[in-house]
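Peer 1: Sequence and predicted structure below; questions after.
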Amino acid sequence: MKLINEAEEISKIAFGFMASKALFAALHIGLFTKLAERPKRIDELAAEAATPENRVQTLITALASLGLVSREGDCYSNSPGAEAFLVEGAKYDFGDYLRLQIDRQMFPIMTGLEAVITGDANDRPAIESYAEWFSDPEEARLYSESQHAGSLGPGRSVACMIDLSGAKTMMDVGGGTGAFAIRLCEANPGLKATVLDFPNVVALGKSYVAAAGLSDRIDFVAGNALEDDWPDGQDIVLMSYLFNGVPGDAIPDLTRRAYASMNPGGHFLVHDFIVDDDRSGPPLAALWQLQHLAFTPAAKSMTPTWLEGLMAGVGFFDVSTQPLIPGMTKLMHARKAAAADAIAAQ
């Protein structure tokens, strides 16, 4: 019986991609949004989605088995989680992040994972870096628009978790379309932010910032965080999802540059996929690190202790780590000593 149970667990892992594709297919036809109106029958959903009934039936059966929808009589309705996170326009909606970035972009990249692990460069995807990838305006748009939707919620959480009320300036390195900057500026009226990212991403970010009414407080610098100069005089330096997307040997230099660009007393915030020190998980963080490896073969699998050592090594102190997206990401917060503290320590 124990072996049977273990075989079942292995099967769930091995066939997890099927569950993912069921979710993505449902998002592509707007199924959860259609069910948000009221419970519906298969024939109603099929007509609204312009899809044959047998296909909708098979798809929704898979979704029901996953707990994403429920059935009562002949009608189906969303689970509470689907209603909150997968309905277009819902407060916590991140369906576009799943439908566009994960399904359309990340899944194809993962087909090159075996070649990365074995070192067979002939079978790798023809993408060598984020800079190359985002030089294509359409790829930059698809990634950035979906990432914006997926970052507004975590940005709101950071604003609640860390007291940044005294900060006046912030640099968001690799900050994409400015989702974190928007949330932190909304929560801190005295804060102004600069977002550094690739040119095609910056062009999109300006429209999001304008829509948020923050163009006078959030500006953008088009460039490559690994190569170009950073503005100095920052009270906050934020790096969200940056460390997993660069070669591991670039992380120490990024940490040093953060310290150098920061005012005394400043805050260093790192939000990323960071596994526990014993490397037993969390599974979602470990799997996201693996996904980044498929795209960046020199990427580093990071732990809190390793990052704390880097931060302390360049002069940061009071380093703390806490979960941000439960089971997936961690937020690390460190401080640069205030001028008087630095003098006293000499």
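Peer 2: Received the coordinates, thanks. Numbering: from 1, shown residues only.

Peer 1: Which stretches in the stretch 151-300 of the chain count as helices?
Peer 2: Applying DSSP state H, counting those that start in this stretch to the stretch 151-300 of the chain gives helices spanning 179-187, 199-211, 251-260, 283-295.

Peer 1: Give me whichever of those helices is most buried.
Peer 2: helix 179-187 (a mean of 24; mean count of other CB atoms under 10 Å). All C-beta atoms are positioned from the backbone trio N, CA, C, and that covers glycine.

Peer 1: list the helices and strands it packs on?
Peer 2: With contacts taken as 3 or more CB pairs under 8 Å, 6 or more residues apart in numbering; DSSP states H and E, helix 179-187 sits against helix 137-161, strand 169-173, strand 192-197, helix 199-211, strand 218-222, strand 234-240.

Peer 1: ok, 7 Å please
Peer 2: Judged by 3 or more CB pairs under 7 Å, 6 or more residues apart in numbering; DSSP states H and E, helix 179-187 is in contact with helix 137-161, strand 169-173, strand 192-197, strand 218-222.

Peer 1: In JSON lines: the ones you listed, plus distance to E44.
Peer 2: Listed next are the helices and strands packed on helix 179-187 as JSON lines, based on distance: least, CB to CB, whole Å:
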{"stretch": "helix 137-161", "distance to E44": "28"}
{"stretch": "strand 169-173", "distance to E44": "44"}
{"stretch": "strand 192-197", "distance to E44": "43"}
{"stretch": "strand 218-222", "distance to E44": "44"}
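
Peer 1: Nearest to A211, out of the ones you listed?
Peer 2: With CB to CB as the measure, helix 137-161 is the member of those nearest A211 (10.5 Å).

Peer 1: now for that closest one, which elements pack on it?
Peer 2: Looks like helix 137-161 contacts helix 95-96, helix 179-187, helix 199-211, strand 262-272 (3+ CB pairs under 7 Å, 6+ apart).

Peer 1: For that helix, give the mean pLDDT please.
Peer 2: For helix 137-161, the mean pLDDT works out to 83.

Peer 1: Next, the angle from that helix to helix 179-187.
Peer 2: Counting by axes from the mean of the first three to the mean of the last three CA atoms, to 10 degrees, helix 137-161 lies at 40 degrees to helix 179-187.

Peer 1: Now do helix 137-161: everything it contacts.
Peer 2: Residues outside helix 137-161 that contact it (CB atoms under 7 Å, 6 or more residues apart in numbering): 92-94, 96-97, 100-101, 104-105, 133-134, 176-177, 179-180, 182-184, 187, 198, 200-201, 204, 208, 240, 269, 271, 322, 324-325, 331.

Peer 1: Need the three-state assignment for R71.
Peer 2: Three-state assignment for R71 (DSSP: H, G, I helix; E, B strand; the rest coil): strand.

Peer 1: separation between it and Q57?
Peer 2: 11 Å (CB to CB, to the nearest Å).

Peer 1: cool, G245 as well?
Peer 2: Distance from G245 to Q57, by CB to CB: 40 Å.

Peer 1: Also F220?
Peer 2: Taken as CB to CB, the span from F220 to Q57 is 47 Å.

Peer 1: Over to P304?
Peer 2: Using CB to CB, P304 is found at 46 Å from Q57.

Peer 1: cool, and G281?
Peer 2: Applying CB to CB to G281 and Q57 gives a distance of 36 Å.

Peer 1: which one of these two has more residues nearby?
Peer 2: Q57 (15 against 12; other CB atoms under 10 Å).

Peer 1: Quick one: classify the more buried one as helix, strand or coil.
Peer 2: Assignment for Q57 (three-state DSSP): helix.

Peer 1: Go ahead and confirm it touches R41.
Peer 2: No: using CB atoms under 7 Å, Q57 makes no contact with R41, being 10.3 Å away.

Peer 1: Can you report how many residues lie near the nearest residue in space to V87 that is not next to it in sequence?
Peer 2: Closest residue in space to V87, ignoring its immediate chain neighbours: A36 at 4.4 Å, by CB to CB, 6 or more residues apart in numbering. As a burial measure, A36 scores 17 neighbours (other CB under 10 Å).

Peer 1: helices and strands of this protein: which one bottoms out on pLDDT?
Peer 2: Sorted by mean pLDDT, DSSP states H and E, the helices and strands of the chain end with helix 339-345, the least confident at a mean of 48.

Peer 1: ok, for G155, nearest residue in space, not its chain neighbours?
Peer 2: R183 (3.2 Å).

Peer 1: residues in contact with the one you found?
Peer 2: Contacts of R183 by CB under 7 Å, 6+ apart are L152, G155, R156, A159.

Peer 1: now it: how far from Y259?
Peer 2: Applying CB to CB to R183 and Y259 gives a distance of 24 Å.

Peer 1: repeat for M328
Peer 2: 27 Å.

Peer 1: ditto for I13
Peer 2: 41 Å.

Peer 1: Low-confidence regions, the chain specifically.
Peer 2: Residue ranges of the chain with pLDDT under 70: 1-12, 14, 121-133, 339-346.

Peer 1: I'd say I182 and A212 touch.
Peer 2: Yes: with contact defined as CB under 7 Å, I182 reaches A212; the gap is 4.9 Å.
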